[in-house]
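S.K.: Please work out how this folds:
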Amino acid sequence: MKKIMIVLLILISTFVFSVKSDIVPQHEKGFFVNFENIGFSFSNIEISSAPLLDILGVYNLGLRYYLEKNIVLDLNGGIIDPFVLPSYFGNERPDNGYLYIYYLNGYNHNNFNFGNFSLKTHFQPSLYGIAMQINDIDDKPFNLGLNAITIRGFSQLGYYIMDNLELFGGIEGGYLLAVNVNPDPDDPDFDQFIKKQKKIHFILLEEEV
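M.R.: So this is what the prediction gives:
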């Protein structure tokens, strides 16, 4: 069971919260609303949330700081309630415990242009976790906390053949830094399993930052 949860964390960090490759310009100062986000922009800072995800049970908040037009620092996190979506189809929330997934991402993304050449770099540490409580038949709660810390990034070099046509290549990857479980598992193979997971290099999806 614990191994399945760790694999779930790895999949979440790899696919759901994937990094993006181009910087979205800062919104004009003041309150803003678009299809994805609602937030407030001031100075070089934006605070935003994606309310459409709230409907699905992904309660999120993001903070973005623009050092320059082509350099951005981003911190975003949230809590996922997996029982919100099933409740829309008549499934009741379990009354013998709870299950929440949480995440916290921070990244630095740079996009430099030198004539027809472009250089993009991305560095991202992340924390993903699961908090769970199950009450047994004697109403005694069993608590389980599990989180994984990952680090990943990429570097990409491109050349603009035309204004809207770019050839590029790069290198990207990631590393599982640590997995923390409370209470500690008594599985003798667990440590060996963690060591194997640390050898996995994540494949990062490229979208728009």
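
S.K.: Find me the pLDDT at E207, would you?
M.R.: In this model, E207 is scored at 43, pLDDT.

S.K.: now swap in H122 and tell me
M.R.: For H122, the model assigns a pLDDT of 91.

S.K.: Residues in a beta bridge with it, which ones?
M.R.: Listed by DSSP bridges, the beta-bridge partners for H122 are H109, F154.

S.K.: Check E172 too.
M.R.: Beta-bridge partners, per DSSP bridges, of E172: F154.

S.K.: Check L61 too.
M.R.: Here L61, judged by DSSP bridges, has bridge partners G77.

S.K.: pretty sure it contacts D74?
M.R.: No. Counting by CB atoms under 8 Å, D74 is not a contact partner of L61; they are 11.7 Å apart. Bear in mind the C-beta positions are built from the backbone N, C-alpha and C, glycine included.

S.K.: More neighbours: which of those two?
M.R.: Shown here are L61 and D74; by other CB atoms under 10 Å, D74 has more neighbours (20 against 14).

S.K.: which residues does that one contact?
M.R.: By CB atoms under 8 Å, 6 or more residues apart in numbering, the contact list for D74 reads G62, L63, R64, Y65, N105, G106, Y107, N108, H109, V209.

S.K.: ok now do the first one, which residues does it touch?
M.R.: Neighbour list for G62: N37, G39, E46, I47, S48, S49, D74, L75, N76, G77 [criterion: CB under 8 Å, 6+ apart].

S.K.: Sticking with the residue nearest to the fifth one when sequence neighbours are not counted, tell me its helix or strand.
M.R.: Take S48 and drop its neighbours on the chain: the residue closest to it by CB to CB, 6 or more residues apart in numbering is G39, 2.8 Å away. Take DSSP states H and E as the rule and G39 turns out to sit in strand 38-42.
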